[in-house]
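**Q** Next input, structure requested:
(2 chains)
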Amino acid sequence: MKVLYFAGLRTRIGRGEEDVDPPAEVHTVGELMQWLRDRGPGYAAAFAPGALVRAAVDQDYVGMDHSVSGAHEIAFFPPVTGGNG
Amino acid sequence: MIRVQRDDFDVGAELERLTAGRTDLGGLVSFIGLVRGTEDGVRAMTLEHYPGMTERALTAIAEDARSRWPGIELTIIHRFGRLERGDRIVFVAVAAAHRAEAFAASEFLVDWLKTKAPFWKLEERPEGSQWVEAQHEDEERASRW
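**A** Take a look at the predicted model:
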């Protein structure tokens, strides 16, 4: 599956997207995040316990208990900071 | 109309376009968000977004507004890329039969853009670039709706 990282997560991890093949026991977005955390120090920093991380599956916002089954594109990012004023 | 673009926009032309050919609209409200310079030295920022999802999210916010205030016309333009102090970031305009709907719908759109549109700001500071953290008060403003 394709995983995307934005903003501070992208800069900590050092890339904006990658293809990953998590083991079968990774069922949810939260489990995927925990699995990604062990891929290196940048991932560990991006997904540190307490870090504010939001997720989208196939471009819709989801909670951490959302399934990753059949997903094409899973994105992780901090809370958004658009607009102004 | 929804647009996500790197380039600036012409406010007058956008307002003209929104009401062109219509005689049933009695009020037109617009909001323009600008890059605010700060006392601690922010002179520019880069807005990152999630291409594809951004357009989806803005369309969903617009649909929500149209269902709450039927009959309104609206335009949302959000820029991305590097922007300097004073530059326009976002344009929201709502035309409606009466002013109350135009004011309410435009405020709704701006509040929701800040909490639902997938944009992130990287500020250029004297000590280096820094990602802006989300403001809790923005979520509170959006939750009023």
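**Q** Which residue lies nearest the spatial centre of chain B?
**A** Central residue of chain B (Cα atoms, centre = their mean): residue B:90, 4.0 Å from the mean position.
**Q** Sticking with it, tell me its helix or strand.
**A** Following DSSP states H and E, one finds residue B:90 within strand B:88-96.
**Q** Counting by contacts, list what that strand packs against.
**A** When contacts are defined as 3 or more Cβ pairs under 8 Å, 6 or more residues apart in numbering or on different chains; DSSP states H and E, strand B:88-96 packs onto helix B:11-19, strand B:27-34, strand B:73-79, helix B:99-116. Yep, even glycine has a C-beta here, placed from its N, CA and C like the rest.
**Q** who does residue B:33 bridge with?
**A** Note on residue B:33: beta-bridge partners residue B:90, judged by DSSP bridges.
**Q** Next one, pLDDT for residue B:40 please.
**A** Note on residue B:40: pLDDT of 77.
**Q** isn't there a strand covering it?
**A** No - Residue B:40: not assigned to a strand; according to DSSP: H, G, I helix; E, B strand; the rest coil it is coil.
**Q** one step back: now the strand holding residue B:90, how far from the centre of its chain.
**A** Centroid separation for strand B:88-96 versus its chain: 6 Å, with Cα atoms, centre = their mean, to the nearest Å.
**Q** show me what contacts the closest residue to chain A within chain B?
**A** Nearest residue of chain B to chain A, counting by Cβ to the nearest Cβ: residue B:119, 3.0 Å away. Under the criterion of Cβ atoms under 8 Å, 6 or more residues apart in numbering or on different chains, the contact list for residue B:119 reads A:80-83, B:47-49, B:54, B:78, B:80.
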